[in-house]
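Participant: Have a look; sequence and predicted model below, questions after that.
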Amino acid sequence: MAATASASSARSARLGLRATPEQEVVLRRAAEVAHKSLTDFILDSACLAAEQTLLDQRLFVVSGSQYQALMDLLERPEQANAGLADLFSRKAPWDNQ
């Protein structure tokens, strides 16, 4: 993911955090196992969790007109789509056995 792949030389923002001694031990051990620095491990883990949280949003707040536009699109009759027809006519790669 792009957020986790940035080089350490490009880092300019400073973040501070406090941890219990037990949390520090766990984080350091996990970083060692992952062959990463503590900073890289924490940033990679935090960014992954943040991206998942953002992608997992189920509540969308929109204006009345935006909601109505979506409802209008959903109510429209389906239209032929040659690309989708082609895609669904092929066997899935994971079914090739």
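Facilitator: Good, I have the coordinates.
Participant: Find me the pLDDT at the nearest residue to Ala30 once chain neighbours are set aside, would you?
Facilitator: Distances taken as C-beta to C-beta, 6 or more residues apart in numbering place Phe41 nearest to Ala30, at 6.2 Å, with adjacent residues excluded. (Glycine included, C-beta is placed from N, CA and C.) You'll see Phe41 listed with a pLDDT of 97.
Participant: wait, Phe41 sits on Ala34?
Facilitator: Yes. Contact criterion C-beta atoms under 8 Å: Phe41 and Ala34 qualify, at 5.6 Å.
Participant: Quick check on the two: which one has the bigger neighbour count.
Facilitator: Taking other C-beta atoms under 10 Å, Phe41 and Ala34 do not tie; Phe41 has more neighbours (18 against 12).
Participant: tell me the contacts of the more buried one?
Facilitator: Phe41 makes contacts with Leu27, Ala30, Ala31, Ala34, as judged by C-beta atoms under 8 Å, 6 or more residues apart in numbering.
Participant: Helix or strand: which one has the residue nearest to Ala30?
Facilitator: Per DSSP states H and E, Phe41 falls inside helix 38-55.
Participant: which residues touch the helix or strand following that helix?
Facilitator: Per DSSP H and E, helix 38-55 leads on to helix 64-75 as the next helix or strand towards the C-terminus. Applying C-beta under 8 Å, 6+ apart, the set of residues contacting helix 64-75 from outside is Val62.
Participant: Send me the helix or strand following helix 64-75 as CSV with only the CA atoms.
Facilitator: The helix or strand immediately downstream of helix 64-75 is helix 82-89, counting by DSSP H and E. Provided in CSV are the C-alpha atoms of helix 82-89 (Å, rounded to 0.1, in the frame of the first residue of the first chain):
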residue,chain,number,x,y,z
ALA,A,82,-20.5,-6.3,-23.4
GLY,A,83,-17.5,-6.2,-21.1
LEU,A,84,-19.3,-7.7,-18.2
ALA,A,85,-20.9,-10.4,-20.5
ASP,A,86,-17.4,-11.3,-21.7
LEU,A,87,-16.0,-11.4,-18.1
PHE,A,88,-18.8,-13.6,-16.8
SER,A,89,-18.5,-16.0,-19.7
